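>>> After the sequence you'll find the predicted model.
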There are 2 protein chains.
Amino acid sequence: MPDYSTNIYLKKKSLTEARTLLFEKFAALMKTAAAETVPTPNAVGRVLARGVPALRSSPAHHLSAMDGIAVKAEQTFGAGETTPKTLAVGREAFFVNTGNLLPAGTNAVIMIEDVHVIDDATVEILAPSFPWQYVRKAGEDIVATELLFPTNHVVTPYCVGALLAAGVTSVSVRKKPRVLILPTGSELVDWEDKTDPAGLAPGKILESNSYMLGALVRACGAEPVRHPILPDDPDTIAQALKKAVDDGDYQAVMLVGGSSAGAKDYSWIVIDRLGEVFVHGLTIMPGKPLIIGAVSTVPVFGMPGYPVSAVVCFEELVRPLLCRMQGLPVPVRKTVSAILAKKTASKLGVEEFLRVKLGKVDDIVIATQLPRGAGSVTSLADADAFVRVPASTEGMAEAQAVTAELLRPLSDIEQTVVVVGSHDNTLDVLSDMIAARGLGFKLASTHVGSMGGLMAVARGRCHVAGSHLLDEKTGEYNISYIQKHLAGMPVKLVKLVSREQGLMVVPGNPKNISGIADIARTGVTFINRQAGSGTRILLDFKLKELGIDPGAIDGYANDEYTHMSVAIAVASGVADTGLGILAAARALGLDFIPVVSEEYDLVIPARFFDLPGIATLLKVIQSPAFAERVNTLGGYGTHNTGKVIDLG
Amino acid sequence: MPDYSTNIYLKKKSLTEARTLLFEKFAALMKTAAAETVPTPNAVGRVLARGVPALRSSPAHHLSAMDGIAVKAEQTFGAGETTPKTLAVGREAFFVNTGNLLPAGTNAVIMIEDVHVIDDATVEILAPSFPWQYVRKAGEDIVATELLFPTNHVVTPYCVGALLAAGVTSVSVRKKPRVLILPTGSELVDWEDKTDPAGLAPGKILESNSYMLGALVRACGAEPVRHPILPDDPDTIAQALKKAVDDGDYQAVMLVGGSSAGAKDYSWIVIDRLGEVFVHGLTIMPGKPLIIGAVSTVPVFGMPGYPVSAVVCFEELVRPLLCRMQGLPVPVRKTVSAILAKKTASKLGVEEFLRVKLGKVDDIVIATQLPRGAGSVTSLADADAFVRVPASTEGMAEAQAVTAELLRPLSDIEQTVVVVGSHDNTLDVLSDMIAARGLGFKLASTHVGSMGGLMAVARGRCHVAGSHLLDEKTGEYNISYIQKHLAGMPVKLVKLVSREQGLMVVPGNPKNISGIADIARTGVTFINRQAGSGTRILLDFKLKELGIDPGAIDGYANDEYTHMSVAIAVASGVADTGLGILAAARALGLDFIPVVSEEYDLVIPARFFDLPGIATLLKVIQSPAFAERVNTLGGYGTHNTGKVIDLG
């Protein structure tokens, strides 16, 4: 058996304790950040290492602010409509263009429109000028020696204009901290070594954390350097870490992976061997297996291998350090008040970072929890915000008011069309085609089944619900359910597609499944859809028709939330078969035994039809291009696509 | 005389008209933006040219989520505290680490902590496992073929993680539009050609607009290319423009400068000669002299030469076009409600873009107008927001509610210490040293004189007022004024510096000025400070003492708002002398005739002493380093610096 002797977290800390310790241990690095000189035009985004005084006034001399003639104002006094004054060109009046130097002895400009040119040598004026009229006086904008920007100012494009106007052609900025990122793990493969990722050996994965962390390092103004992947071998890792520190070229190091307390987790052993470990383990989730240590004076982080954990640890601890090293304050995310879409249990004593999608419906921001696993990188990529569940609570209720820490601007979120309900693969097509219009509208779908979608509409939690609820009595879809569950609310039913539901099986159909009756057979395992989904309602209807007891089905209690999840359960051997749509079966190369053709519609409250996002949605659904793309998926009918039925 | 025949704006438009026309004329460019393929790790910040489906599920196979043993759950049923079950290693139980592939035939993992290892071949368990316990099932996060991100999605660092996890090693993104920036103007000098900018010939300036616009182009995801400076010669400019268009390598061109309707403004002539001009002149300020045209199918902008005009035109018109070409929505600035610090007159029929500094005092955001001139690049660099004055109004009142369009995050603005009142050069030192602490606090000063500062305190418009008001009767500074004007408000007086006031004259003192009496002499011109400033009050007191009639002083009615402006007026010959502080005279190399030593203090309402920004301000003032830096300026005393006097 493997050696599990390291299987404990020493030095476990709360996030606050860890940050305090981090800032204490590396206080010196924040005060002594090195500086370098760069040309002003290249300084955008950089942090000034010292305050910059103007080297030159702007304008540096008195300039004409108009096309016209420069004069000495005192010589124009007395000019009027009935008392015109003539001036000698070249002696009393000088033609100037905007931006020209004011000739010596002049102190005002008269616009060319107000000048009557008599001949080459003489002009006439009908009004006096006052001193400094239409003159941009020296120093009007910038006075030499004045402070233009203070220490730690971040140079903007506008600053470049001001600096050059003030004669400052180079500035002293903080050197970007160089951060070495060292991915570890024998299961990792570099994307550059693998042209056909579909052909990766089982158990191997493309290394991605170093690139994600590298992009985050760059986004906070530091410079990431990626080390090639290292295998799970403490000596190799130690050697690479020692070399990096000895080089003296890195202001921080991140070992990625192996930071937990498992058998193959060598990061803490390596850091402990070469230096010191201050923190091992955080009371946060995701992000528990973090290590903070130092080798010589260099901060060394043992980052968790799960992507969400790595990101949370980076953003809560590494980024603050990198910012402070550059003279920047610790970044704080903007927040918005929201309500939680569903209840969440949480472990006492652990601060949890929920990733949520946000949508604004009827002026209320709704936060829908994304998958909670630390390995769910899509929960990060899809997230609009984080919601913290404090260590002191055991969970949060549905509709509880929370503070969402934004990862995207709120204006983006306000343009999101929120879809809740049944899953269908054409929603992907819809999402892509709406976004393709380039107007900023996007679709955000959460899959909770058809009934869940209608409930969300009833509670004002979404703009659109996807639904395929069969009325056993009428054989009609959705309408009777809407009349019952959304009574009194004017809604419209937008016909999306008709589609084939059937049983998915692995190619060749080894268990010889030919219809619903076969799923109760001994030796056949089934994967179900969740209660409240249209597919589950369809299944139960069919079982009742056939007089089959659900208890007789192996796997009836195991459920998934989407057609694609059912398909992958079948494809990967979790179950022999499951009920779902042809498009999902075809996407994963499964065989398909048709059971029924059904209607999949969108339910939209009438009050949302004025929203530009909903107008765009309808435009897309009613476009021929939509039907065309849907038909390439297989198993769909589009005869009624885009028809709108007024209800309620 | 020059040829003024082009001196008219043809095709003048409002901003809305111009934008509509722009989008109509170049609609084709927005639909046909070219794509290119880039490796996923390099795609951060890029815009997806098409939706990206997952190539691989993640996990691709069932993986262990724990260190422990993999088992077939069904074989563990019945295990319990009193009914332990033994399993054969290598047949019924397999040691696995987190992330390992689940061995064939297993469907659950038991944590190593719950496993009793009997010997190398046998383990014992005291509890059953359920199917798929501690297993990361294939497709749990990503199912192959599902849409990961739609068309026009902007790739984030998190997306890189999701894409690589899904086996996507390269993506198709929009090509960055290449934008040629062509600075024109015979007065322009490139910074690289001038190592000593102080020595620029009179009338020459460092070209800066192309760099500022270039940085703005880059910030909206496009790629700027800078053309060398061209002189004011229509043939040369036309030749360069023609070559750029013929090359076919640019998606847009900006000619910078020469876009007005003056004698040397050739941009519209050149664009008209080679193509078509749609817009010449906008009813906005700054930004009036804009040209929009096309040569062949390439959009060509004639950008104004004044930096603020150029930026406003870029942000209102060029940026929207560049964004739409990349499939991005037109950017909209975040806004905040604010009140105007002072009234503003504005021209009917012209939409004005005021640049404002923002500060939050007692939960009210106050917008202080910056200089309005189109040439004031510092008004951009210092601005926190724009405020639009609609074309239909003739101005806005003091304290009027306005919508400020943010250029910086509101959180930055909330950390600003707002200083209003008298000007002193040590405020620069203070500003620099507060920012140098790196905590995000900064000082924003507006100079309206000592009395203006006290009024701002009285109205809750600032945190701190700088003041040096002499009480003629007591010879004491500030206290009697505070007692009168801030009666009932608890405030503290923080002693900043004592300083020398005196008359500034050009080196050598050619007019032989030796004291206040001389400024009324014939042949001597004076530059005054504004009414309400401590220096003006000091002057008037001295004139009264000497029995001099202000009307006898040439220039008494001309005023400036800061010591440095008075200094530059003297240095540049606007006036022979002015009253101000030694530090200002010394900064510009002027001679100085001392008049009086005075106290310059900070007035701070007691209620602000709990703010962390004010605490930082006090810490800086009371640090020895502050006194040290102040003393290098000259003319200052720091014996009382940092003392705090409670008043009211």
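Received it, and whenever you're ready, just let me know what you need.

>>> so where is the stretch 151-300 of chain A shaky, pLDDT-wise?
Scanning the stretch 151-300 of chain A for pLDDT under 70 picks out the ranges A:195-198.

>>> Would you state the strands of it in chain order?
A:170-174, A:178-183, A:188-189, A:205-206, A:223-226, A:252-256, A:276-280, A:284-285, A:291-295, A:298-303 (DSSP state E, counting those that start in this stretch).

>>> Off-centre distance for the first one?
Looking back up the chat, that one is strand A:170-174. Centre-to-centre, strand A:170-174 and its host chain are 31 Å apart (Cα atoms, centre = their mean, to the nearest Å).

>>> quick one on the thing from earlier: right, and the strands of the stretch 151-300 of chain A - which one's nearest B:P59?
Nearest to B:P59 among these is strand A:205-206; the distance by Cβ to Cβ comes to 7.8 Å. Heads up, the C-betas are built off the backbone N, CA and C, glycines and all.

>>> Check the gap between A:L588 and A:V377 for me.
20 Å (Cβ to Cβ, to the nearest Å).

>>> Work out for me the element A:G613 sits within.
Assessed by DSSP states H and E, A:G613 sits inside helix A:612-621.

>>> tilt between the following helix or strand past that helix and helix A:612-621?
The helix or strand immediately downstream of helix A:612-621 is helix A:624-633, counting by DSSP H and E. Here helix A:624-633 points in a direction 60 degrees away from that of helix A:612-621 (axes from the mean of the first three to the mean of the last three Cα atoms, to 10 degrees).

>>> Do any residues in helix A:624-633 lie close to chain B?
No. On the criterion Cβ under 8 Å from any Cβ of the partner chain, helix A:624-633 is out of touch with chain B, staying 9.9 Å away.

>>> Need the residues that contact that helix.
A:425-426, A:429-430, A:433, A:497, A:583, A:586-587, A:620, A:636, A:638, A:641-642 (Cβ atoms under 8 Å, 6 or more residues apart in numbering or on different chains).

>>> Take these and write them to TSV, including distance to B:L340 and pLDDT.
Formatted as TSV, the contacts of helix A:624-633 follow (distance: Cβ to Cβ, whole Å; pLDDT from 0 to 100):
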residue	distance to B:L340	pLDDT
A:N425	54	90
A:T426	52	95
A:V429	50	95
A:L430	46	96
A:M433	45	95
A:V497	55	97
A:A583	58	87
A:R586	63	90
A:A587	58	87
A:V620	44	97
A:Y636	58	94
A:T638	56	96
A:T641	53	97
A:G642	50	96
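
>>> In JSON lines, list the strands of the stretch 151-300 of chain A along with mean neighbour count.
Formatted as JSON lines, those follow (neighbours: other Cβ atoms under 10 Å in any protein chain shown):
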{"stretch": "strand A:170-174", "mean neighbour count": "20"}
{"stretch": "strand A:178-183", "mean neighbour count": "23"}
{"stretch": "strand A:188-189", "mean neighbour count": "18"}
{"stretch": "strand A:205-206", "mean neighbour count": "22"}
{"stretch": "strand A:223-226", "mean neighbour count": "17"}
{"stretch": "strand A:252-256", "mean neighbour count": "27"}
{"stretch": "strand A:276-280", "mean neighbour count": "20"}
{"stretch": "strand A:284-285", "mean neighbour count": "21"}
{"stretch": "strand A:291-295", "mean neighbour count": "24"}
{"stretch": "strand A:298-303", "mean neighbour count": "27"}
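
>>> Could you list the buried residues of the lowest-mean-pLDDT helix or strand in chain A?
Within chain A, no helix or strand scores below helix A:27-31, which has a mean of 82 by mean pLDDT, DSSP states H and E. Neighbour counts over helix A:27-31 (16 or more other Cβ atoms under 10 Å in any protein chain shown) mark A:L29 as buried.

>>> residues in contact with A:G440?
Contact analysis of A:G440 by Cβ under 8 Å, 6+ apart lists A:412, A:415, B:328-329.

>>> Take those and write them to JSON lines, including secondary structure and neighbour count.
Formatted as JSON lines, those follow (DSSP: H, G, I helix; E, B strand; the rest coil; neighbours: other Cβ atoms under 10 Å in any protein chain shown):
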{"residue": "A:D412", "secondary structure": "helix", "neighbour count": "17"}
{"residue": "A:Q415", "secondary structure": "coil", "neighbour count": "17"}
{"residue": "B:L328", "secondary structure": "coil", "neighbour count": "20"}
{"residue": "B:P329", "secondary structure": "coil", "neighbour count": "17"}
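
>>> circling back to that earlier point, so which of A:L588 and A:V377 has more stuff around it?
A:V377 (29 against 21; other Cβ atoms under 10 Å in any protein chain shown).

>>> just how off-centre is stretch A:236-244 within its chain?
Between the centre of stretch A:236-244 and the centre of its chain there are 34 Å (Cα atoms, centre = their mean).

>>> Go ahead and name everything in contact with it.
By Cβ under 8 Å, 6+ apart, the residues outside stretch A:236-244 that reach it are A:180, A:182, A:184, A:227, A:230, A:250, A:253, A:255, A:258, A:266-267, A:270-271, A:273-274, A:295, A:298, A:300.

>>> if we go to 7 Å?
The contact list for stretch A:236-244, computed with Cβ atoms under 7 Å, 6 or more residues apart in numbering or on different chains, reads A:180, A:182, A:184, A:227, A:230, A:250, A:253, A:255, A:266, A:270, A:273-274, A:295, A:300.

>>> go on, stretch A:256-264?
Identification of contacts with stretch A:256-264 by Cβ under 7 Å, 6+ apart yields A:2-4, A:6-9, A:181-185, A:209-210, A:213, A:232, A:265-267, A:289-291, A:302-305, A:310, B:67, B:97-98.

>>> Can you flag the buried ones in these?
Judged by 16+ other Cβ under 10 Å, buried ones among the contacts of stretch A:256-264: A:4, A:6, A:9, A:181-185, A:209-210, A:213, A:232, A:265-267, A:289-291, A:302-305, A:310, B:67, B:97-98.

>>> A:G466: which of the strands of the stretch 151-300 of chain A is closest?
Counting by Cβ to Cβ, A:G466 lies closest to strand A:284-285 out of the strands of the stretch 151-300 of chain A; the figure is 31.6 Å.
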